[in-house]
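Visitor: After the sequence you'll find the predicted model.
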Amino acid sequence: MRHIISVLMENEPGALSRVVGLFSQRNFNIETLNVAPTDDPTLSRLTLTTFGSDQVVEQITKQLNKLIDVVKLVDLTEGQHIEREMMLVKVRASGAQRAEVKRTVDIFRGNIIDMTPSIYTVQVVGESDKLDGFLLALGGTHVLEVVRTGVSGIARGEKTLSL
Amino acid sequence: MDLLSGGEMIARFLKDEGVEYIYGYPGGAALHIYDALHRQNDVKHVLVRHEQAATHMADGYARATGKPGVVLVTSGPGATNTVTGIATAFMDSIPMVVICGQVMSYLIGEDAFQETDMIGVSRPIVKHSFTVKHPADIPMILKKAFHIASTGRPGPVVVDIPKDMTMPNEKYEYKYPESVSLRSYNPPAKGHSGQIKKAVDLLIAAKRPMIYAGGGVIMGGGADLLTKLAQQLGYPVTNTLMGLGGYPATDDQFVGMLGMHGSYEANMAMHHSDLILAVGARFDDRVTNDPDKFCPGAKIIHIDIDPASISKTIRADVPIVGPVRQVLEEMLTVIDEAPARSNKEAIGNWWKQINEWRKVHGGRYDTTSDKIKPQAAVEACWRATNGDAFVASDVGQHQMFTAQYYKFAKPYRWINSGGLGTMGFGLPAAMGVKMNMPEETVVCVTGEGSIQMNIQELSTCLQYGLPVKILCLNNGYLGMVRQWQDMNYEGRHSNSYMDSLPDFKMLMQAYRHEYVEIRTKDELDSKMAEAFAMKDKLVFINCFVDPEEHVYPMQVPRGAMRDMFLSKTERT
Ligand SMILES: Cc1cc2nc3c(=O)[nH]c(=O)nc-3n(C[C@H](O)[C@H](O)[C@H](O)COP(=O)(O)OP(=O)(O)OC[C@H]3O[C@@H](n4cnc5c(N)ncnc54)[C@H](O)[C@@H]3O)c2cc1C
Ligand SMILES: Cc1ncc(C[n+]2csc(CCOP(=O)(O)OP(=O)(O)O)c2C)c(N)n1
Ligand SMILES: [Mg+2]
């Protein structure tokens, strides 16, 4: 099953390499990964998605928790949560295709954030499924580049991951 | 408050932390530190002949005392030479602090002379690591390093110190940090009482219980409590290779080591048990054999300080995260207060069954052969040392024979590399013990292969007067490799023959140590006694043993625990 694990860790050089190293060292897979500072300058927040049996994911969270740089973590998929990913897509769009691409972008509530006479750069935000869906919907359009941020997420309601 | 340079702070901190010996080797990036050491007399530095040996010496000391061993090396090759020793300590959860010199901080990343990214190199084999960014941080970083290394599940910690952090003329205020707190590191102080009650209920109700105790019982200082619990319940106890001495092997309730080379009765009893109490053991693949076939009828209670050890390979029914001492203490209280008592009849029958199993193999070996059997050599060593020596071992058949035939009655006395299986560990580990416990008899059991991996340390032994006894079970082969080749490769001995062995007698002369040779069975006891009588001398006992001998029992690969070869011709 797919899991979203969200980690608060010390904002220290080397902390990220310990987390990433753990995954290769222990043969766990990482599907997506993102990391950035938080409102607390001593902490950064790392979100990763991974696939694995319950037993593997249990090991992943336990091994992550063992890292001294990891302060707290949560498996968001264990409760109600919101996940978002952002994607930037550069497509060739000229002639009749221009309108077609624009329509698709609107349907997916994306934004065209840059353009030239033959190019659209599109931003789409949503759950990863929706981003996949957008790429499918582009169909025959010539896609030049796809950049995805990887998933970030947050629990619904009162629950927080904080100190 | 004193004004000290970074180098002086290191020396002073070690003193304040109560460190008596450190083991190491100097070089450019560490020279300020070495100079600071030279100008004080509290912390003694032991100069090894290879940095790997420094780590094993520190490790041997840690295993014999439960306290962290300390290593000091220079950057680059000095640091990389410690990698095997750090990995050895990591795999066996041994507390160690390794201080590495590093190039000047402003040169880092420029491929400077003797620059190695030691934090990167050591990352997968440390519990944690630190880089010093400012000299004034040194005391707190070292305090954290010692704290992390020696609490919770112990392990090695690397501290990387760029040379400009130790400049002699840059002085800062030094104060020994009395305490340390880390917001992201809080090892459990006790077990969950509800879980402990549940465990006790299962223990009392069990009909075919087994206590399976590992290295965590030794390093967690829980041997006495484990023994008390086992004797109160009257249940059979088995130890892992790392747990030997955690329950007295001389006691009747001990059924031997379990696992790949475990006793027949221990493996059979595990397989047929209905309840396993695992204490400070990690269900290693050398214990479980095929995890899918592991002990099909058993419920499992697992006490471990590291939650990641629990349900990693074998699912626990009652997990208890906590330190062995506190958990066992609470268990004993709960048992005392419990209304029910264990099932006398069922336990009686269980012992009857186990005693039947004891007769099947019972650690037998061929005593009629003319050749010296390695098992007999270990038994002779046990007699010569009254079973009370600190025994460090290298890796191979001799290690297994020692585990099986030297009946360890006390914890902390069996010093061996189990998880990594590091040949070359034995001699420096024995030296680390002897250095700190000069009154004790310290033996290194080794093979003619392993001993050559750190034989240069004979020189260190001479310099510091370390009269360890080296018992070399000389079979002229990389015996353990040869055994696998006999069993799995139709006896094709690819590169397992040790040709051109040194003349160990002349070698000992060269290093001014003593040499005793044992060539026949009948001189085993007398020669062994002769060697151990030379209290103040390092004696190399070259014992020529049967090269054909195999270690048995041996689990059948991918089988259950009960599937074993019992000799070259018998299997279960
Ligand atoms: C040639 C060779 C053959 C081998 N054959 C065998 C064999 O036949 N049988 C065998 O058993 N091994 C054998 N081994 C060793 C094996 O590889 C493992 O090292 C060993 O089984 C692990 O022992 P352990 O389970 O006691 O764990 P250890 O590695 O000693 O780990 C200790 C466990 O205790 C926990 N712990 C630590 N401190 C505490 C505390 N204070 N409180 C609670 N928990 C704590 C740790 O978290 C860890 O899970 C062999 C090795 C070699 C080299
Ligand atoms: C550093 C290292 N290299 C290789 C091995 C693989 N290995 C395990 S046992 C063994 C043979 C050991 O030979 P010896 O020391 O003579 O002991 P014996 O088995 O003959 O008693 C080898 C090569 C190892 N464990 N460690
Ligand atoms: Mg040999």
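Guide: In hand now; what should we look at? Numbering: from 1, shown residues only, chains lettered A, B, ... in the order given. Ligands and ions are numbered 1, 2, ... in the order given.

Visitor: Please enumerate the helices of the stretch 1-150 of chain B.
Guide: Under the criterion DSSP state H, counting those that start in this stretch, the stretch 1-150 of chain B contains helices at B:6-16, B:31-38, B:51-65, B:77-80, B:83-91, B:118-122, B:138-150.

Visitor: Tabulate these in TSV, adding columns for mean pLDDT, mean neighbour count and distance to ligand 1.
Guide: To be clear about C-beta, it is placed using only N, CA and C from the backbone, and glycine gets the same treatment. Shown next, in TSV, are those (pLDDT from 0 to 100; neighbours: other Cβ atoms under 10 Å in any protein chain shown; distance: least, Cβ to the nearest ligand atom, whole Å):
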stretch	mean pLDDT	mean neighbour count	distance to ligand 1
helix B:6-16	98	24	24
helix B:31-38	98	20	31
helix B:51-65	98	29	10
helix B:77-80	98	21	23
helix B:83-91	98	25	7
helix B:118-122	98	20	19
helix B:138-150	98	22	11
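
Visitor: Any chance of JSON lines for those, columns distance to residue B:275?
Guide: Converted to JSON lines, the helices of the stretch 1-150 of chain B look like this (distance: least, Cβ to Cβ, whole Å):
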{"stretch": "helix B:6-16", "distance to residue B:275": "46"}
{"stretch": "helix B:31-38", "distance to residue B:275": "53"}
{"stretch": "helix B:51-65", "distance to residue B:275": "30"}
{"stretch": "helix B:77-80", "distance to residue B:275": "47"}
{"stretch": "helix B:83-91", "distance to residue B:275": "29"}
{"stretch": "helix B:118-122", "distance to residue B:275": "40"}
{"stretch": "helix B:138-150", "distance to residue B:275": "33"}
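
Visitor: who wins for proximity to ligand 2 among these?
Guide: Minimum separation from ligand 2 across the helices of the stretch 1-150 of chain B (Cβ to the nearest ligand atom) falls at helix B:83-91, 7.1 Å.

Visitor: Could you list the residues in contact with that closest one?
Guide: Contacts to helix B:83-91, defined as Cβ atoms under 8 Å, 6 or more residues apart in numbering or on different chains, come from residues B:51-56, B:58-59, B:62, B:71, B:94-96, B:98, B:121-122, B:125-127, B:155-156, B:158, B:417-420, B:422, B:424-425.

Visitor: same thing but at 7 Å, please
Guide: With Cβ atoms under 7 Å, 6 or more residues apart in numbering or on different chains as the test, helix B:83-91 has contacts from B:52, B:55-56, B:59, B:96, B:98, B:121-122, B:125-126, B:155-156, B:158, B:417, B:419-420, B:422, B:425.

Visitor: and if you look at stretch B:472-490?
Guide: So stretch B:472-490 is contacted by B:374, B:377, B:396-398, B:445-449, B:451, B:491-494, B:496-498, B:540-547, B:550-551 (Cβ under 7 Å, 6+ apart).

Visitor: just checking, which of those residues belong to helices?
Guide: B:374, B:377, B:397-398 (DSSP state H).

Visitor: pLDDT wise, what is residue A:139 at?
Guide: Looking at residue A:139, its pLDDT reads 87.

Visitor: what's around residue 126, how many residues?
Guide: All of this is about chain A. 18 (other Cβ atoms under 10 Å in any protein chain shown).

Visitor: I was thinking of chain B, sorry if that wasn't clear
Guide: Neighbours of residue B:126 using other Cβ under 10 Å come to 25.

Visitor: swap in residue B:406?
Guide: Residue B:406: 24 neighbours (other Cβ under 10 Å).

Visitor: dump the residue contacts of the residue nearest to it when sequence neighbours are not counted.
Guide: Nearest residue to residue B:406 in three dimensions, chain neighbours excluded: residue B:382, at 5.0 Å (Cβ to Cβ, 6 or more residues apart in numbering or on different chains). Contacts for residue B:382 (Cβ under 7 Å, 6+ apart) come out as B:405-407.

Visitor: Who are the contact partners of the residue of chain B found nearest ligand 3?
Guide: For chain B and ligand 3, the shortest gap (Cβ to the ion) falls at residue B:447, measuring 3.4 Å. Residues near residue B:447 by Cβ under 7 Å, 6+ apart: B:394, B:396, B:398, B:472-473, B:475, B:479.

Visitor: The same query, at a cut-off of 6 Å, please.
Guide: Residues near residue B:447 by Cβ atoms under 6 Å, 6 or more residues apart in numbering or on different chains: B:396, B:398, B:473.

Visitor: Look up how far chain B lies from the residue in chain A positioned nearest to ligand 2.
Guide: Residue of chain A nearest ligand 2, by Cβ to the nearest ligand atom: residue A:25 (20.4 Å). Per Cβ to the nearest Cβ, to the nearest Å, residue A:25 is found 5 Å from chain B.

Visitor: ok, the spatially closest residue to that residue that is not a sequence neighbour - how many residues close by?
Guide: Closest residue to residue A:25 apart from its sequence neighbours, by Cβ to Cβ, 6+ apart: residue B:124 at 4.7 Å. Counted with other Cβ under 10 Å, residues neighbouring residue B:124 total 14.

Visitor: And for residue A:96?
Guide: Neighbours of residue A:96 using other Cβ under 10 Å come to 8.

Visitor: got the contact list for the most centrally placed residue in chain B?
Guide: Centre of chain B computed as the mean C-alpha position; nearest residue by Cα atoms, centre = their mean is residue B:416, 4.1 Å away. Residue B:416 makes contacts with B:393, B:399, as judged by Cβ under 6 Å, 6+ apart.

Visitor: Retrieve the pLDDT associated with it.
Guide: Confidence score, pLDDT, at residue B:416: 98.

Visitor: still on that earlier bit, just the buried residues from the contacts of stretch B:472-490, in PyMOL please.
Guide: The PyMOL selection below is limited to those of those classed as buried (16 or more other Cβ atoms under 10 Å in any protein chain shown):
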select buried, chain B and resi 374+377+396+397+398+445+446+447+448+449+451+496+498+540+541+542+543+544+545+546+550+551
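
Visitor: In strands only, show me the contacts of stretch B:472-490.
Guide: Counting by DSSP state E, the contacts of stretch B:472-490 place B:445-446, B:540-544 in strands.

Visitor: Spatially, what comes nearest to residue A:152 if we skip its sequence neighbours?
Guide: In space, residue A:152 is closest to residue A:47, 4.6 Å off (Cβ to Cβ, 6+ apart).

Visitor: Actually, residue B:265.
Guide: Nearest to residue B:265 is residue B:357, by Cβ to Cβ, 6+ apart, at 4.1 Å.

Visitor: Can you report phi and psi for the residue nearest to residue B:122 when sequence neighbours are not counted?
Guide: Among residues not flanking residue B:122 along the chain, residue B:158 sits closest, at 4.9 Å (Cβ to Cβ, 6+ apart). Residue B:158 has phi and psi values of phi -100, psi 130 when expressed as degrees, to the nearest 10.

Visitor: For burial, what's the neighbour tally of residue B:158?
Guide: Residue B:158 - counted by other Cβ under 10 Å - has 27 other residues nearby.

Visitor: how far away is the closest residue to residue B:9 other than its chain neighbours from residue B:172?
Guide: The shortest distance from residue B:9 to any non-neighbouring residue, by Cβ to Cβ, 6+ apart, is to residue B:138 (4.5 Å). From residue B:138 across to residue B:172, the span is 8 Å (Cβ to Cβ, to the nearest Å).

Visitor: cool, residue B:485 as well?
Guide: 59 Å.

Visitor: cool, and residue A:75?
Guide: Counting by Cβ to Cβ, the gap from residue A:75 to residue B:172 is 44 Å.

Visitor: thinking again about what came up before, from the contacts of stretch B:472-490, which are also near ligand 2?
Guide: B:396-398, B:447-449 (Cβ under 6 Å from any ligand atom).
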